[in-house]
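Participant: Coordinates for the following, if possible.
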Amino acid sequence: MRSTHVTDKSDHVMEAKGSLGLYPLAHNSAAVASSEARSALSALRNSELGKQRHEAEREAARTLDKEAIAAMQETIGAVRALSESKTDAALGAIERAAGKIDIVLARNPEAALVPIDVEVLIIDNVPRDWGEGQIVNVADLASLAIDELDFPGARAMLRRLMSEIRIRTCQLPLATYPAALKEAARLLADKKTEDAHAVLLTALGVLVVTDRIISIQLLLAREHINQAQAAAATDKSNAQQLLEKAKKELGRSRSLGYAGYDPEYLTLRDEISKLAKQLDSGQETGSTFRTLKEKLAALLKRQSEPKKETRKSAA
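Facilitator: Below you'll find the model as predicted:
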C-alpha cells in the first residue's frame, strides 16, 4: 500500500495511503496550522492517530477485492490498447476483466458495490490554542459567506475548521460495470472501435466514493479519558486534569461541526462532571468510566458513518 506524507506551503498537514493511487494527494488549503497544533498532532501520531491509521489500513486489506482491482487494471489496459489501435490486445484485456468480474459476482451475489481503493488522510488545520469562541467566529464567517453566495470564501473558512481522519473508499458499481465490458466486447466484434473505447471510458469514469470522517478532537478526548482512568487510583489530581482536557476536546469537536447537534455531547459532558465528583469524594469510578467510554465509542461510530458521493476518475 502506497504511503505519502504531504505538507503544503500553508502548513496543512496530511498523511495519505492508497493502493491504486486513484486519488490526488495534493490538496491546496488556505488554513494555517499553528506550531501548537503541529506539536500536538506529532505527539499523538505514534499513539491514538497512529493506531487509527493502522486500523484503517487493516480494514482496507480486508475489504479491498483483488479480483475487482485486477478487472479495473485490465480495463485501463484495454483503453490504452484501443488508443494505440491494438484491437486484439484490447479484446483480450476486456475478456480477462470480464472473467475477474464474474469471480467477484459469484463471490458477492448480493453486493452492489465492491471496494477497489482506499485512501487515509490525517488533516489538522485548527490551532490547538483556539477556544470554542474562535471556532464559532470562523463558522459564522463561513455562514455569512454562504448567505452572500461567496462559496470560495466559505470553503476557505470551512477548511480552517477541519481536524479529522478521513478514510476514503473507492468502489466499483457491479450493476453497470459487467454490462459495460460485454457491450465493449460486442462493439469491438462489430469493428466499432471508437464506440467501444467510449463505453470503457464511461465504465471507468463513474466510481462510488464513501468517506468516513473521524474527529481528531473525539480521539483526543478518548485518549485523555483512558489516561485519566489509568491515573485515577494513584494520582487523582492528574486524573481530574485529564478529564477536564477531555471535556474541552468534546466541546471543540462539537463547535467544529462534527455531528455538533448530537445530544450525546451533553451526556458525555455530564458523565465527565459526574466522574470528577466521584474522584473528589473517593467513590468507585470503574462503572462510570466504563459507561463514559461506551457512550463515546457510540458517538464516534455514528459520527464516522460513511458518506457517499459519485465521482469521476481518470482512466
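Participant: the domain parsing of this structure - what is it?
Facilitator: Domain segmentation of the chain under automatic domain parsing yields 66-107+175-205, 217-302.
Participant: Between these, which one is closest to residue 162.
Facilitator: Among the domains of the chain, the nearest to residue 162 by C-beta to C-beta is domain 217-302 (8.0 Å). C-beta: built from backbone N, CA, C; applies to glycine.
Participant: and residue 244, how many neighbours does it have?
Facilitator: Using other C-beta atoms under 10 Å, the number of residues around residue 244 comes to 14.
Participant: What separation do you get for residue 233 and residue 285?
Facilitator: Separation of residue 233 from residue 285 (C-beta to C-beta, to the nearest Å): 9 Å.
Participant: more neighbours, those two?
Facilitator: Remark: of residue 233 and residue 285, residue 285 carries more neighbours, 21 against 10, as counted by other C-beta under 10 Å.
Participant: Find the helix or strand that the nearest residue to the more buried one once chain neighbours are set aside is a member of.
Facilitator: Counting by C-beta to C-beta, 6 or more residues apart in numbering, residue 278 is the residue found nearest to residue 285 once chain neighbours are left out, at 4.9 Å. Applying DSSP states H and E as the criterion places residue 278 in helix 264-281.
Participant: What of residue 209?
Facilitator: Under the criterion of DSSP H and E, residue 209 resides in strand 207-215.
Participant: for that strand, packing partners?
Facilitator: On a contact count with 3 or more C-beta pairs under 8 Å, 6 or more residues apart in numbering; DSSP states H and E, strand 207-215 meets strand 163-173, helix 286-303, strand 307-311.
Participant: For that strand, give the mean pLDDT please.
Facilitator: The pLDDT scores in strand 207-215 average 89.
Participant: what angle separates it from strand 163-173?
Facilitator: 160 degrees (axes from the mean of the first three to the mean of the last three C-alpha atoms, to 10 degrees).
Participant: now the angle between helix 286-303 and strand 207-215, please.
Facilitator: Strand 207-215 and helix 286-303 are oriented at 150 degrees to each other (the same axes, to 10 degrees).
Participant: As a markdown table, the domains of the chain with distance to residue 149 would be great.
Facilitator: Output for these, formatted as a markdown table (distance: least, C-beta to C-beta, whole Å):
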| stretch | distance to residue 149 |
| --- | --- |
| domain 66-107+175-205 | 30 |
| domain 217-302 | 21 |
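Participant: Relative to residue 167, which of these is closest?
Facilitator: Set against residue 167 and scored by C-beta to C-beta, the domains of the chain come closest in domain 217-302, at 12.7 Å.
Participant: Pull up the distance across that closest one, start to finish.
Facilitator: End-to-end span of domain 217-302 (C-alpha to C-alpha, to the nearest Å): 15 Å.
Participant: ok so, going back, in the helix holding residue 278, what counts as buried?
Facilitator: By neighbour count on 16 or more other C-beta atoms under 10 Å, the buried set for helix 264-281 is 264-265, 267-268, 271-272, 275-276, 278-279.
Participant: can you state the direction angle for it and helix 286-303?
Facilitator: 160 degrees.
Participant: For helix 264-281, list the C-alpha coordinates in PDB.
Facilitator: Provided in PDB are the C-alpha atoms of helix 264-281 (Å, rounded to 0.1, in the frame of the first residue of the first chain):
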ATOM      1  CA  GLU A 264     -24.500  12.700  23.200                       C
ATOM      2  CA  TYR A 265     -22.100  15.500  23.600                       C
ATOM      3  CA  LEU A 266     -24.100  16.900  26.500                       C
ATOM      4  CA  THR A 267     -24.500  13.400  28.000                       C
ATOM      5  CA  LEU A 268     -20.700  12.900  27.800                       C
ATOM      6  CA  ARG A 269     -20.100  16.300  29.400                       C
ATOM      7  CA  ASP A 270     -22.400  15.300  32.300                       C
ATOM      8  CA  GLU A 271     -20.700  11.900  32.700                       C
ATOM      9  CA  ILE A 272     -17.300  13.600  32.900                       C
ATOM     10  CA  SER A 273     -18.600  16.000  35.600                       C
ATOM     11  CA  LYS A 274     -20.000  13.000  37.500                       C
ATOM     12  CA  LEU A 275     -16.700  11.300  37.300                       C
ATOM     13  CA  ALA A 276     -14.900  14.400  38.600                       C
ATOM     14  CA  LYS A 277     -17.200  14.500  41.700                       C
ATOM     15  CA  GLN A 278     -16.700  10.800  42.300                       C
ATOM     16  CA  LEU A 279     -12.900  11.300  42.200                       C
ATOM     17  CA  ASP A 280     -13.200  14.200  44.600                       C
ATOM     18  CA  SER A 281     -15.200  12.100  47.100                       C
END
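Participant: Which neighbouring elements make contact with it?
Facilitator: Under the contact definition 3+ C-beta pairs under 8 Å, 6+ apart, helix 264-281 sits against helix 216-231, helix 236-255, helix 286-303.
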